[in-house]
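**Q** attaching a predicted model along with its sequence, questions to come.
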Amino acid sequence: MEVSTILILMGIGLMAGILSGFVGVGGGIVIVPALIYFLGYGQLQAQAMSLTLMLPPIGVMAFYNYYQKGHIDNTSLGYASIMAVLFIVGGYFGSKLALKIPVNIVKLIFGVIMLYVAVRMIISGWSVFTETSNES
């Protein structure tokens, strides 16, 4: 493995980790596009790599920091447990589906979801910004 590849992987991992801990994103939003555009991975290969790297550490330290500050209680742990079980089930069936349909359709769906989320978040953030500006 070349040094440049290692440095790119380190950068992707660090950025994904920071964004995951900061705003709860990483895999789909950061890692998949970065692997595609910086290392030339295919869409499905990038998705598989993203899922593989998230298996062991899936935010253990970020979770711990939020837990220490009291942002996660027993109710939240119960909710997260329910979602985790269904996340596993959904991941299994989602990967089966992604491997059965043409990769261009997977890319299109991925891009549309990212665009939709981005637009919603920009509008939400912008409205908060404009409300704050109007109050000054």
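**A** Yep, it's here.
**Q** so which bits of the helix of greatest length in the chain are buried?
**A** Ranked by residue count under DSSP state H, the longest helix found in the chain is helix 103-135. Going by neighbour count (16 or more other Cβ atoms under 10 Å), the buried part of helix 103-135 is Val106, Phe110. All C-beta spots, glycine's among them, are computed from the backbone N, C-alpha and C.
**Q** stretch 1-14 now?
**A** Buried, per 16+ other Cβ under 10 Å, within stretch 1-14: Leu9, Ile12, Gly13.
**Q** and stretch 66-86, by the same measure?
**A** So for stretch 66-86, counting by 16+ other Cβ under 10 Å, buried means Ile72.
**Q** any chance you could list what contacts that stretch?
**A** Phe63 (Cβ atoms under 8 Å, 6 or more residues apart in numbering).
**Q** can you check stretch 45-64 too?
**A** Taking Cβ under 8 Å, 6+ apart as the rule, stretch 45-64 contacts 13, 20-21, 26-28, 31-33, 35-36, 41, 72, 91, 95, 98, 106.
**Q** what segments of this protein are helices?
**A** 3-23, 32-39, 43-54, 60-68, 74-100, 103-135.
**Q** got these as CSV, with mean pLDDT columns?
**A** Converted to CSV, the helices of the chain look like this (pLDDT from 0 to 100):
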stretch, mean pLDDT
helix 3-23, 84
helix 32-39, 89
helix 43-54, 82
helix 60-68, 81
helix 74-100, 82
helix 103-135, 82
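**Q** distance from the chain centre to the longest helix of the chain, please.
**A** Its chain's C-alpha centre lies 15 Å from the corresponding centre of helix 103-135 when counted by Cα atoms, centre = their mean, to the nearest Å.
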